[in-house]
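A.B. asks: fold the following and give me the result.
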Amino acid sequence: MTQEKAAAEGRTRTWTLQMDIVEEDQDATEVRATLDTGDRKLVSRTTAHRNPHDPPAPEIGDEYAAGRALLDLGKRLLGAGATDAAENAQRELR
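C.D. replies: Numbering: from 1, shown residues only. Below is the predicted model of the structure:
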């Protein structure tokens, strides 16, 4: 099936996001986020550190680290899309 025909017929895809959140200690949270599109896997690792003047609140570290991981995955996904678009345009020129 050509890409044009698949696009005309529509399609549904399911992507899977897995986020592993690890409390290194009360001052640091690490996140490993993996986005599996079925065609590729994008991985991000981020860390959040508690401000030493703030009381411990692990859920806040989770939110910061996870948010940073999602932002990084978004940048990686946009980069992959740009690369794929350039390659697709080159195929059209051949």
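A.B. asks: could you use CA atoms for every contact and neighbour count after this?
C.D. replies: Will do.
A.B. asks: distance-wise, check Leu70 relative to Ile21.
C.D. replies: Distance, Leu70 to Ile21, by C-alpha to C-alpha, to the nearest Å: 13 Å.
A.B. asks: more crowded one of the two?
C.D. replies: Leu70 (23 against 18; other C-alpha atoms under 10 Å).
A.B. asks: which residue is the nearest non-sequential neighbour of the more buried one?
C.D. replies: Nearest in space to Leu70, with sequence neighbours left out and distances taken as C-alpha to C-alpha, 6 or more residues apart in numbering, is Ala33 at 7.5 Å.
A.B. asks: next one: Glu23
C.D. replies: Thr29 (4.6 Å).
A.B. asks: ok, the one you found touching Arg45?
C.D. replies: No: the pair Thr29 and Arg45 does not pass the contact test of C-alpha atoms under 8 Å, sitting 10.7 Å apart.
A.B. asks: in the chain, which residue is closest to the centre?
C.D. replies: For the chain, the residue sitting closest to the mean C-alpha position, by C-alpha atoms, centre = their mean, is Leu73 at 2.6 Å.
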